[in-house]
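[1] Attaching a predicted model along with its sequence, questions to come.
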Amino acid sequence: MDSGIVLFDGACNLCVWSVQLVLRRDRRGYYRFAALQSPAGERLLRQYGVDRPAEESVVLIEGGRAYTQSEAALRIARRLGGLWPLLGALVVVPRSLRDRLYLWIAAHRYRWFGRREACWVASPQTHGRFLD
């Protein structure tokens, strides 16, 4: 597969900030994006059999598989420029612990970072990286 697909919560300020960071750091344009709430996002969730509980704020589809929670975040970071791939060292931490921290942050993300009334819309410069 020549690209990965990142599904994100388009109403979450933290999630939108993360997508904007990935857009800046993904110099090769490997990742494409869709909001979880979009028709494309919902279709991909069904296609890959991913249930979307409220805490699930990022899903990575790569190599014919869907990755969630900390596994998705670490896999996304490994392909970014700068020091972000160093986060991959966190795979030595048991996934149950990583996911517990991930879910704790996800459960508080709206209170800490805010929530948008409508899903974020990409700029004209990056619109081509988003699935319709």
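    It's in.
[2] pLDDT wise, what is residue 10 at?
    pLDDT, residue 10: 83.
[3] would you say it is within a strand?
    No: according to DSSP: H, G, I helix; E, B strand; the rest coil, residue 10 belongs to no strand; its state is coil.
[4] Which stretches in this structure count as helices?
    13-25, 39-47, 69-77, 95-113 (DSSP state H).
[5] Residue 128 is nearest to which of those helices?
    Ranking the helices of the chain by proximity to residue 128 (CB to CB) places helix 13-25 first, at 11.2 Å. The way it works is simple: take the backbone N, C-alpha and C, and place the C-beta from them, glycine included.
[6] list the buried ones in the closest one?
    For helix 13-25, the neighbour count (16 or more other CB atoms under 10 Å) marks 13-16, 18-19, 22-23, 25 as buried.
[7] Quick check: the gap between the nearest residue to residue 115 once chain neighbours are set aside and residue 49.
    Distances taken as CB to CB, 6 or more residues apart in numbering place residue 11 nearest to residue 115, at 5.4 Å, with adjacent residues excluded. To residue 49, residue 11 is 23 Å away according to CB to CB, to the nearest Å.
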